[in-house]
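1. just the structure for this:
(one chain, ligands or ions: 1)
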Amino acid sequence: RLVEDEMLLNEETTRWEDVGGLEATKQLLTEAAVLPMLIPGFFTGVRTPWRGVLLFGPPGTGKTLLARAVAAQARAAFFSVSPSSLLSKFVGESEKVAKAVYGCARARAPAVVFFDEIDALASRRGAASEHEASRRLKTELLTQIDGITTGASVLTLATSNRPWDLDEAMRRRLERRIYVPPPDATGREAMLKIHTTGLKLAADVDLAELADRLEGYSGADVQLVCRDAAMAPICVEIKILRRVRAESSHRPPRHRRDACSMAWR
Ligand code: ATP
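-> Down below sits the predicted model:
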């Protein structure tokens, strides 16, 4: 109940097509995470599925989006957990919630237990009580990941922007590590197409040329550019409305206008 009430369990509908570019990464994830959940019978013996997969790379490159797409493609239940919010929201109880999440995941297998920014657990900063809570949560997570038996089809998927800060014991459990790179021009063009779907573009907009000009932009940046552009016509309309309203407020009050019109008659 707690896990479902806190919205940690989601029905994922993200498709591979919603993730622009990153074709090699999608392929690696299909092999490492999706297929073992879809056809577990093929992944036995030496081909034992990975218990944990770490997606690492710069911020905003689509790691969370990829994790959601993995769950949807594998038709798996998706439990989304943010270690930092777990620690702040369930003070002193976070390890119990983590245990409950894995219990639910096992019951609903195939399932993906997703930890966004897992490096928050490796942080050495904060108050002494925070350290203790974080240490207990980490210990519980290691126990839970170790407890996943072969064929249980529960995958721990985590993301990190700072994999070098990750706790060594945790890093060992995340056996398969996949780098999510910043997008190249082809990837940026694919993202522009995704984020402008449903928008009416001006005739002179060339997405390939725009993608070239967005060198150094992450997927999240590209999405912001599209959002900003989509807002622009609304801002123009608001300006026009404001001007109309300002002009109408300068008109003389009704009784004076009536007097004027009487005079004109
Ligand atoms: P962080 O490391 O900061 O958590 P992240 O790598 O997990 O970032 P996401 O949260 O997946 O990045 O991406 C943020 C937003 O940027 C997404 O909701 C999406 O709109 C857009 N985005 C990022 N990458 C892509 C992509 N490859 N294709 C389409 N949209 C993308």
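
2. now the residue nearest the centre of the chain: how far from the ligand?
-> Centroid check for the chain by Cα atoms, centre = their mean gives T64 as the closest residue, at 3.3 Å. T64 sits 4 Å away from the ligand, going by Cβ to the nearest ligand atom, to the nearest Å. To be clear about C-beta, it is placed using only N, CA and C from the backbone, and glycine gets the same treatment.

3. do the same with S160
-> 8 Å.

4. right, and that residue touches A120 too?
-> No. Using Cβ atoms under 8 Å, S160 is not in contact with A120; the gap is 9.2 Å.

5. of those two, which one has the most company?
-> Using other Cβ atoms under 10 Å as the criterion, S160 and A120 rank with S160 on top: 25 against 19.

6. nearest spatial neighbour of the residue in the stretch 151-265 of the chain that the ligand sits nearest to, skipping sequence neighbours?
-> Nearest residue of the stretch 151-265 of the chain to the ligand: G219, at 2.1 Å (Cβ to the nearest ligand atom). Among residues not flanking G219 along the chain, G62 sits closest, at 4.6 Å (Cβ to Cβ, 6 or more residues apart in numbering).

7. who's in contact with the one you found?
-> Under the criterion of Cβ atoms under 8 Å, 6 or more residues apart in numbering, the neighbours of G62 are 19-20, 22, 180, 219.

8. phi and psi next, for it.
-> Phi and psi for G62, reported as degrees, to the nearest 10, are phi 100, psi 20.

9. for E209, give me the pLDDT.
-> E209 carries a pLDDT value of 92.

10. the longest helix anywhere in the chain - contacts with which helices or strands?
-> Counting residues, the longest helix found in the chain (DSSP state H) is helix 219-249. Applying 3 or more Cβ pairs under 8 Å, 6 or more residues apart in numbering; DSSP states H and E, we find helix 219-249 packed against helix 185-195.

11. need the max-distance pair from the contacts of G62.
-> Using Cβ to Cβ, those span at most 12.4 Å, a distance reached by G20 and V180.

12. more neighbours: those two, which one.
-> Using other Cβ under 10 Å, the more surrounded residue of G20 and V180 is G20, with 23 against 20.

13. tell me the SS of the more buried one?
-> coil (DSSP: H, G, I helix; E, B strand; the rest coil).

14. residues contacting it?
-> 62, 183, 187-194, 219, 222.

15. hmm, 10 Å instead?
-> 62, 65, 183, 186-195, 211, 219, 222-223 (Cβ atoms under 10 Å, 6 or more residues apart in numbering).

16. low pLDDT regions in the stretch 151-265 of the chain?
-> Low-confidence segments of the stretch 151-265 of the chain (pLDDT under 70): 151-152, 235-237, 239, 248-265.

17. that's all I had, so thanks and see you.
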